[in-house]
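Enquirer: Sequence and predicted structure, then a few things I'm wondering about:
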Amino acid sequence: MRVRWPYLIVVLIAAVFVPGSVAHADLNYRTEITGVEDSDLADLLDKISELKTLENKPPVSEEALHRRADRELGRLADAAHSLGYWDAEFSYDIDTAVDPAKVAVTVKPGLLYHVASVKVLGADGQPLSIPQDEKKLPLKPGDPARTAPVVATETALLVALGDSGHPFAKVENRRVEIDKDAQTMDVTYTLDPGPVMRFGPPTIEGLERLDPAYVEGRIRWRRGEVYDAGKVEETRRALIETGLFSTVQITPIVDPDNPGDVRMAIDATERFHRTVGAGLAYNTSQGFGARAFWENRNLFGYAENLRLSVEAGQQLDAFRANFRRPDFLATDQDFLATAEAANDNPVAYRSRRAIATAGIERRFDHLVTGGVNFEVEKANVVQLADINPRTGTQRYELAGLPAYVKLDTTDNLLNPTTGYRAQLNVTPAHTFSGSHLTFSTNLLSGSTYWVLGPEQRAVLAGKLALGSLDGAPLSQLPSDQRIYAGGGGSVRPYGYLMAGPLAPNNVPIGGRSSLVLNLEARVKITETIGIVPFVDAGSYYESPVPQLGRTLLYGVGLGLRYYTGFGPLRLDLATPLHKRNGDSPIQVYISLGQAF
């Protein structure tokens with residue numbers, strides 16, 4: 001029989017678009033988990049629930065939804081056990097009479113179990129003395145019977161043994177016993193600490209162009225000392241922080257020739273030493289800016305760093321060269337040299353300058369850094385503020401001795417979440433032409449960071465900065481040597497240099513002191529997207545000390561963050577709450593890294 005093509009097409013269209021047994025619609029549903037009062041347990045169940053995470057991928061039938069729910073109960077039970085609810089029971093009910101279908105998961109968590117005992121035994125079955133305060137272990141008698149601290153305590157015990165001379169300590173057994181009648185958990189660790197050993201000679205592998213002496217200079221232990229895993233980790237971190245290596249592994253190895261010593265095998269993989277980069281930035285008061293740089297992090301084979309950079313923008317054109325020679329005269333002490341030529345045209349002045357510096361920087365430990373430099377500068381500056389007396393073009397040569405000390409306990413350079421930072425800068429200087437002035441510019445700043453919430457998805461950050469200049473009258477100071485406030489790294493609701501007294505032509509005058517306060521909440525919405533509401537306040541003052549009785553300029557803003565592997569991309573919008581004629585209603589900032 002011959003089939004007509006038009007008839008066949010109609011049949012195919014009907015099969016595709018007409019509901020029936022041939023085409024099945026997915027079963028949309030929503031999940032609700034009830035019966036949990038413990039917020040930690042409720043958050044965990046919501047986080048690991050596949051019923052919830054797969055709601056946007058509905059099953060093809062009610063039977064498939066039942067299978068998904070059956071698998072769910074085991075996952076939820078394991079999650080409840082991990083938080084100490086070892087009697088937790090789960091059930092579910094599916095209602096397909098509503099659209100979308102409703103999956104109701106009911107939880108009966110039962111009583112929270114607690115830790116009854118924590119025992120540490122040696123390989124011979126006898127109690128083992130651990131050089132660790134038991135009160136500082138993650139798992140202690142009386143704690144909730146959770147599984148994460150059980151694993152964390154095992155790691156802490158091995159670390160304690162490693163820090164006290166046992167490089168080959170290992171876990172023989174870990175036994176966890178749940179007593180359903182007493183609602184308790186008993187944990188027993190069996191460890192083999194191995195012998196106490198001393199640091200032997202290091203061997204260094206993997207280097208291509210870098211001098212091995214540079215790596216040896218980063219080693220934090222001394223040959224013959226009792227083995228200390230903490231010093232091994234300090235060494236690994238010191239090598240990684242140089243930026244010269246992509247990976248660093250340090251492995252203790254038995255030395256057959258010296259049974260009491262352990263050889264330290266350092267295997268380091270060098271990164272590419274040359275880097276070329278470019279970037280763009282924008283903010284309302286300074287406009288667009290473009291930056292490009294070339295860097296060599298191993299110029300002569302001993303980790304010498306040379307960085308050449310150029311910046312071009314609507315207000316600033318500059319060329320900079322920075323050189324660093326590590327371990328200058330002593331380990332962890334670097335020689336620094338910089339040179340800069342710039343044409344700087346912010347709202348307050350016009351400046352053409354050349355600056356050269358040379359000095360040393362010393363890392364006292366991994367938290368504290370200090371330095372001192374000798375600086376010479378030659379500049380031509382035009383003040384733009386319409387005030388009396390008019391100074392015209394100021395030409396000066398300046399010699400200064402900038403010194404600084406920095407303390408940093410934070411966990412990340414561009415995106416800190418815990419810890420604090422503090423910095424003191426003191427720069428005595430003298431000008432040799434025009435008005436012969438001797439003055440000192442000082443800046444003290446500190447910031448701190450707190451993680452909020454059980455999932456650590458929010459960070460509260462605060463900063464305080466105080467500036468002071470003493471020794472010269474404001475009227476004689478070159479405009480680019482005065483103290484200002486306002487802009488992306490200061491009081492964001494006000495334009496660059498604009499947070500302070502303005503001249504009749506709405507141009508900032510500058511002062512001899514400043515006060516800046518910042519407070520913001522960094523809240524992650526997803527793993528890559530975050531919002532940052534913030535409040536900034538501050539001003540600059542004519543006196544050498546901030547006048548707290550004077551008007552403090554303040555404003556609010558909202559930021560958007562996109563978190564990448566190398567740091568957050570920042571977009572901040574800010575508005576002044578004390579708006580003057582010269583202030584823009586909105587300030588916009590786009591850059592890399594948090595504001596502070």
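Expert: That came through, no problem. Residues are numbered from 1 along each chain as shown.
Enquirer: is it true that residue 546 touches residue 511?
Expert: No. Judged on C-beta atoms under 8 Å, residue 546 makes no contact with residue 511 at a distance of 9.1 Å. Quick note: C-beta positions are derived from backbone N, CA and C, even for glycine.
Enquirer: higher neighbour count, the two?
Expert: residue 511 (25 against 22; other C-beta atoms under 10 Å).
Enquirer: Next up, the contacts around the nearest residue to the more buried one once chain neighbours are set aside.
Expert: Distances taken as C-beta to C-beta, 6 or more residues apart in numbering put residue 540 closest to residue 511, at 3.8 Å, once the chain neighbours are dropped. Contacts here follow C-beta atoms under 8 Å, 6 or more residues apart in numbering; on that basis residue 540 touches 467, 483-485, 499-501, 508, 510-511, 513-514.
Enquirer: would you list those in a markdown table and tack on secondary structure and pLDDT?
Expert: Formatted as a markdown table, those follow (DSSP: H, G, I helix; E, B strand; the rest coil; pLDDT from 0 to 100):
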| residue | secondary structure | pLDDT |
| --- | --- | --- |
| 467 | strand | 97 |
| 483 | strand | 97 |
| 484 | coil | 97 |
| 485 | coil | 97 |
| 499 | coil | 96 |
| 500 | coil | 95 |
| 501 | coil | 94 |
| 508 | strand | 95 |
| 510 | coil | 95 |
| 511 | strand | 96 |
| 513 | strand | 97 |
| 514 | strand | 97 |
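Enquirer: I'd like to know which of these is nearest to residue 558.
Expert: Among those, residue 499 lies closest to residue 558 (C-beta to C-beta), at 18.9 Å.
Enquirer: how close does that closest one get to residue 509?
Expert: Per C-beta to C-beta, to the nearest Å, residue 499 is found 12 Å from residue 509.
Enquirer: Looks like residue 158 contacts residue 167 (just checking).
Expert: No. Under the criterion of C-beta under 8 Å, residue 158 makes no contact with residue 167, lying 10.7 Å away.
Enquirer: just to revisit the earlier point, in the sheet, who's paired with the residue nearest to residue 511?
Expert: Judged by DSSP bridges, the bridge partners of residue 540 are residue 514.
Enquirer: Give me the local confidence score for it.
Expert: For residue 540, the model assigns a pLDDT of 97.
Enquirer: Could you do residue 54 as well?
Expert: According to the prediction, residue 54 has pLDDT 94.
Enquirer: Quickly find the element holding the closest residue to it other than its chain neighbours.
Expert: Nearest non-adjacent residue to residue 54, counting by C-beta to C-beta, 6+ apart: residue 68, 7.1 Å away. Using DSSP states H and E, residue 68 maps to helix 62-82.
Enquirer: can you tell me the average pLDDT over stretch 285-304?
Expert: On average, stretch 285-304 scores 91.
Enquirer: Next: stretch 182-202.
Expert: 95.
Enquirer: So for it, what gets flagged as buried?
Expert: 183-187, 189-193, 197-200, 202 (16 or more other C-beta atoms under 10 Å).
Enquirer: Could you check which of residue 499 and residue 509 is surrounded by more residues?
Expert: Taking other C-beta under 10 Å, residue 499 and residue 509 do not tie; residue 499 has more neighbours (31 against 21).
Enquirer: contacting residues for the more buried one?
Expert: Residues in contact with residue 499 (C-beta under 8 Å, 6+ apart) are 484-487, 490-491, 516, 538-540, 553.
Enquirer: With residue 569 instead?
Expert: So residue 569 contacts 561-563, 590-592 (C-beta under 8 Å, 6+ apart).
Enquirer: Kindly recompute the last result at 6 Å.
Expert: Shown in contact with residue 569 (C-beta atoms under 6 Å, 6 or more residues apart in numbering): residue 562.
Enquirer: Identify the residue spatially nearest to residue 350, adjacent ones excluded.
Expert: If the residues on either side of it in the chain are set aside, residue 350 comes closest to residue 382, at 4.3 Å by C-beta to C-beta, 6+ apart.
Enquirer: The one you found reaches residue 394, doesn't it?
Expert: No. Judged on C-beta atoms under 6 Å, residue 382 makes no contact with residue 394 at a distance of 7.6 Å.
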